[in-house]
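K.L.:
Sequence and computational prediction follow.
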Amino acid sequence: MAEARTPLAAIHDEFGRARGEHRDSAWAYGVSWRLMRRDVEPDQVGEGLKEALALVQETEESPEVLFGTPDEHADALYDRWVEEGRLHLWDASRMTWAQVPSWGLGLAAFLSLGLMVAFLANGESSRTWTLGMIAIPVGIGFGVAATWAAWDSLLRSRGTAAAAVGAGGTLASASIVTAMLNEWSKAHPLGHASTWSYLWVAAVCAMAAVTWSRWRRPRSAPEPTGITDVDEWSRELAAILRGRHGLGDARVRTIVGDTHAHAADAGRSVQEEFGTPEDYAARFEPDRARKRRIEAACWLAIGVAQGLWLLDDFGWLRATVAVACLGVAWQNYRRD
Amino acid sequence: MSEPAIWPAPWVRAALDLAVLASLADGPLHGYAIGQALAARGFGLLKGGSLYPVLSRLEEAGDVEASWVEGQGGPGRREYELTAGGRERLERDLASWRDLGETLTTMGTGTVRNG
């Protein structure tokens, strides 16, 4: 059975067919990639690409000649949408509690494979298996996903400080439970077996992740409902501005406060004056620099924690992870 | 915009930042009063959804600053005031608009503009 193409992939293909040049398709993919990395809604990315495609078909010039490099055109589209007040973002990095099992198990599958490779590289072709050896990848996977969910849900509902405390608490709890289980299991070995058995652990985790994901997948998209309550409207607006746009708490409070004052002066509802929370939020430029700083701070914290651990118990694998985390932190800090 | 402006909407959109700065030239105003001042000058009655993102942008750029004023029987509101940088920007941008207007006028009348 042929696999269904996404609307964006179909547009990329159309670029390739327009002049019979495969590199035009790669150009369109480059534009999409840059916009999607900035969390622009896929439908809006498609709208921008269709405009460009129409001109390519009409003039039979290459998109590079007409619009510049993919990065240049993506930046021009992004700036234009910001200026027009209709930049629609989507929750690309959102993690709900319902998604934690599928993401946690998925990460556990990758970590199991990583551990297997590390042990084999260390010359350990067989090991004494304990429950902890399975609990470590699963615990880390669930811990990371739950920390992410705690950060995201609290950021939207309560603000940055609550999100930082909640995420820190969740990470610490998951780490302590996993470490305790690992220590306990050392006294209760399961038996001696090949290191390759991690393949089974990874396969079971991956299958469980897919099963959970399919079971939780909504059968149909919920019908959008108009928000009539001003408090609900304000909460929704604040959640979008903090979660998707990365705006700071003080600025979000100001924006929401202004809507109430203006609606009271105008004698109209906030919905009449400002539209839906989604549409009003689209008029504000995301604070990408702040989002990047937060991401960089997270990677820096992980890298430093790994570095401190190294002082107590040196290992080349942990040293590599620490350096990689610091590298990612620096890259996020410097990223455009 | 619920009441029509006397100029085409794209022109109003392009001039909105400058119009908001100009509305504050005589002293601080709160958001709703800025909207009323713009409507009185022919920019149409802007809805809050069009006005506040502009004010937010100008505040982020340091061209205006805002302070909370307690509401009397209603929610508190923020009063916006031009900063020294905003006043400089207003003068600079007004000069550019005048220049643009003169250029278009001379182009429209077929006069070659020197300098």
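P.N.:
Yep, it's here.

K.L.:
what residues are up against A:S112?
P.N.:
For A:S112, the contacting residues are A:137, A:198-199, A:201-202, A:205, by Cβ atoms under 8 Å, 6 or more residues apart in numbering or on different chains. (Glycine included, C-beta is placed from N, CA and C.)

K.L.:
mind running it again at 6 Å?
P.N.:
By Cβ atoms under 6 Å, 6 or more residues apart in numbering or on different chains, the contact list for A:S112 reads A:137, A:198, A:201-202.

K.L.:
ok, of those, which come out buried?
P.N.:
Among the contacts of A:S112, those that count as buried by neighbour count (16 or more other Cβ atoms under 10 Å in any protein chain shown) are A:137, A:198, A:201-202.

K.L.:
coming back round to it: would you reformat the contacts of A:S112 as JSON lines and include pLDDT and distance to chain B?
P.N.:
Below are the contacts of A:S112 laid out as JSON lines (pLDDT from 0 to 100; distance: Cβ to the nearest Cβ, whole Å):
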{"residue": "A:P137", "pLDDT": "93", "distance to chain B": "44"}
{"residue": "A:Y198", "pLDDT": "93", "distance to chain B": "51"}
{"residue": "A:V201", "pLDDT": "93", "distance to chain B": "50"}
{"residue": "A:A202", "pLDDT": "95", "distance to chain B": "47"}
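
K.L.:
Could you dump those into a markdown table and include distance to A:G168?
P.N.:
Shown next, in a markdown table, are the contacts of A:S112 (distance: Cβ to Cβ, whole Å):
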| residue | distance to A:G168 |
| --- | --- |
| A:P137 | 22 |
| A:Y198 | 30 |
| A:V201 | 28 |
| A:A202 | 29 |
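
K.L.:
Just these: which are in helices?
P.N.:
A:137, A:198, A:201-202 (DSSP state H).

K.L.:
need the residues of chain B near chain A, please.
P.N.:
For chain B, the contact set with chain A under Cβ under 6 Å from any Cβ of the partner chain comprises B:31-32, B:47-49, B:52-53, B:74-75, B:77.

K.L.:
mind running it again at 8 Å?
P.N.:
B:13, B:30-32, B:35, B:47-53, B:55-57, B:66, B:68, B:71, B:74-78 (Cβ under 8 Å from any Cβ of the partner chain).

K.L.:
In helices only, show me those residues.
P.N.:
Residues of the residues of chain B next to chain A located in helices (DSSP H): B:13, B:31-32, B:35, B:48-53, B:55-57.

K.L.:
Quick check: the two most widely separated of these?
P.N.:
B:R13 and B:Y32 (20.1 Å; Cβ to Cβ).

K.L.:
More neighbours: the two, which one.
P.N.:
Neighbours per residue (other Cβ atoms under 10 Å in any protein chain shown) separate B:R13 from B:Y32, with B:Y32 holding more: 19 against 16.

K.L.:
what's the spacing between the closest residue to that one other than its chain neighbours and B:Q36?
P.N.:
Leaving aside its sequence neighbours, B:Y32 sits nearest to A:D265 (Cβ to Cβ, 6 or more residues apart in numbering or on different chains; 3.6 Å). Going from A:D265 to B:Q36 by Cβ to Cβ, to the nearest Å gives 9 Å.

K.L.:
Chain A versus B:S67, what's the distance?
P.N.:
B:S67 sits 11 Å away from chain A, going by Cβ to the nearest Cβ, to the nearest Å.

K.L.:
wait, what's in contact with the residue nearest to A:G48 when sequence neighbours are not counted?
P.N.:
Sequence neighbours aside, A:L77 is the residue nearest to A:G48 in space, at 4.4 Å (criterion: Cβ to Cβ, 6+ apart). Going by Cβ under 8 Å, 6+ apart, A:L77 touches A:31, A:35, A:48.

K.L.:
Buried residues of the longest helix along chain B, list them for me.
P.N.:
Ordering each helix of chain B by length in residues (DSSP H) puts helix B:84-108 first. Residues of helix B:84-108 classed as buried: B:86, B:89-90, B:93 (neighbour count, 16+ other Cβ under 10 Å).

K.L.:
One more: stretch A:180-194?
P.N.:
So, applying 16+ other Cβ under 10 Å, buried residues of stretch A:180-194: A:181-182, A:185.

K.L.:
same thing with stretch A:269-282?
P.N.:
A:270-271, A:273-277, A:280-282.

K.L.:
what residues does the stretch 151-300 of chain A put near chain B?
P.N.:
So far as Cβ under 8 Å from any Cβ goes, the stretch 151-300 of chain A lies against chain B at A:251, A:254-255, A:257-266, A:270, A:273-275, A:279-280, A:283-285.
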